[in-house]
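A.B. asks: build me a model:
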Amino acid sequence: MKKLAFLVIIALLSSCASKPPQSISKIPSSHLTVAQVQANPALYIGSEVRWGGVITQVENKATQTWIEVVSRTLGRDGKPKGQDSSGGRFIASIAGFADPAVYQTGHLLTVVGTIEQQVTRPIGEYQYTFPVVAVTGSYMWMIEPEIPFPDYPSSWRHYDPWYDRWYDPWPYYYYPYPFRPIRPTHPRHR
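C.D. replies: Modelled structure (predicted):
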């Protein structure tokens, strides 16, 4: 009985972990990418999208705020993932004022909305065409702190009894046999 209750609790917790936040839970029927829309923007005006990525710039206008986003693929929970590729850039148009101190450069943002227009703006000296999404729902993700892995000096590793068991090349990795083979002289063990 205890095993069954444990499995039920695990199943419930795992199903909740991948559920997107309420504000971005609506998934459009068409899975348009930023690159598809940039290829023919006039064809997709009025289409619903759910896009996300990394914020690069926030520009407050008189009645709305434009947030420039470098798009990333979204996970099942709607969170942008992957750092090595981008499908392009888009502008998230939020009605009213959005505080640049909250929507900071480098934060992850996911938006749901409709494509309302295209805008050409410079990135450096290059003229780039941005699809503009009229946002109906958005979610800014918490930044997870990086936990650095300590890199101990090699002299410390020499005194670690487990170091030899996992990091030495063959044939020395198959300890814990009761014997210790004679080792060749290695610069690390001097």
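A.B. asks: all strands of the protein, in order?
C.D. replies: Applying DSSP state E to the chain gives strands spanning 48-60, 64-74, 80-81, 89-95, 108-123, 126-140.
A.B. asks: tally of neighbours for A92?
C.D. replies: 26 (other C-beta atoms under 10 Å). C-betas here are computed from N, CA, C, even on glycine.
A.B. asks: against I143, how distant is it?
C.D. replies: 18 Å (C-beta to C-beta, to the nearest Å).
A.B. asks: what of Q64?
C.D. replies: 25 Å.
A.B. asks: go on, G88?
C.D. replies: 23 Å.
A.B. asks: just to revisit the earlier point, tabulate the strands of the chain in CSV, adding columns for mean pLDDT and distance to I27.
C.D. replies: Converted to CSV, these look like this (pLDDT from 0 to 100; distance: least, C-beta to C-beta, whole Å):
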stretch, mean pLDDT, distance to I27
strand 48-60, 93, 6
strand 64-74, 93, 10
strand 80-81, 88, 15
strand 89-95, 95, 17
strand 108-123, 93, 8
strand 126-140, 93, 11
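A.B. asks: closest to P28 out of those?
C.D. replies: Of all those, strand 48-60 sits nearest to P28, with 3.9 Å by C-beta to C-beta.
A.B. asks: which helices and strands does the closest one pack with?
C.D. replies: strand 64-74, strand 80-81, strand 89-95, strand 108-123 (3 or more C-beta pairs under 8 Å, 6 or more residues apart in numbering; DSSP states H and E).
A.B. asks: which helices and strands sit right next to the third one?
C.D. replies: With contacts taken as 3+ C-beta pairs under 8 Å, 6+ apart, strand 89-95 sits against helix 34-39, strand 48-60, strand 64-74, strand 108-123, strand 126-140.
A.B. asks: ok so, going back, turn the helices and strands packed on strand 48-60 into a markdown table, columns for distance to T56.
C.D. replies: Below are those laid out as a markdown table (distance: least, C-beta to C-beta, whole Å):
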| stretch | distance to T56 |
| --- | --- |
| strand 64-74 | 5 |
| strand 80-81 | 13 |
| strand 89-95 | 7 |
| strand 108-123 | 9 |
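A.B. asks: out of those, nearest to N40?
C.D. replies: Per C-beta to C-beta, nearest to N40 of these: strand 108-123, 10.0 Å.
A.B. asks: pull out the CA atoms of that closest one and give them to me as PDB.
C.D. replies: C-alpha atoms of strand 108-123 as PDB (Å, rounded to 0.1, in the frame of the first residue of the first chain):
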ATOM      1  CA  LEU A 108      13.700  34.800 -20.200                       C
ATOM      2  CA  LEU A 109      10.200  35.800 -21.500                       C
ATOM      3  CA  THR A 110       7.400  33.800 -23.000                       C
ATOM      4  CA  VAL A 111       4.500  35.600 -24.700                       C
ATOM      5  CA  VAL A 112       1.200  34.600 -26.200                       C
ATOM      6  CA  GLY A 113      -0.500  36.800 -28.700                       C
ATOM      7  CA  THR A 114      -1.300  37.700 -32.300                       C
ATOM      8  CA  ILE A 115       1.000  38.900 -35.000                       C
ATOM      9  CA  GLU A 116      -0.100  42.500 -35.800                       C
ATOM     10  CA  GLN A 117       2.600  43.900 -38.100                       C
ATOM     11  CA  GLN A 118       6.200  43.900 -39.200                       C
ATOM     12  CA  VAL A 119       8.800  46.600 -38.400                       C
ATOM     13  CA  THR A 120      12.200  47.100 -39.900                       C
ATOM     14  CA  ARG A 121      14.800  48.400 -37.500                       C
ATOM     15  CA  PRO A 122      18.600  48.400 -37.400                       C
ATOM     16  CA  ILE A 123      20.700  46.000 -35.400                       C
END
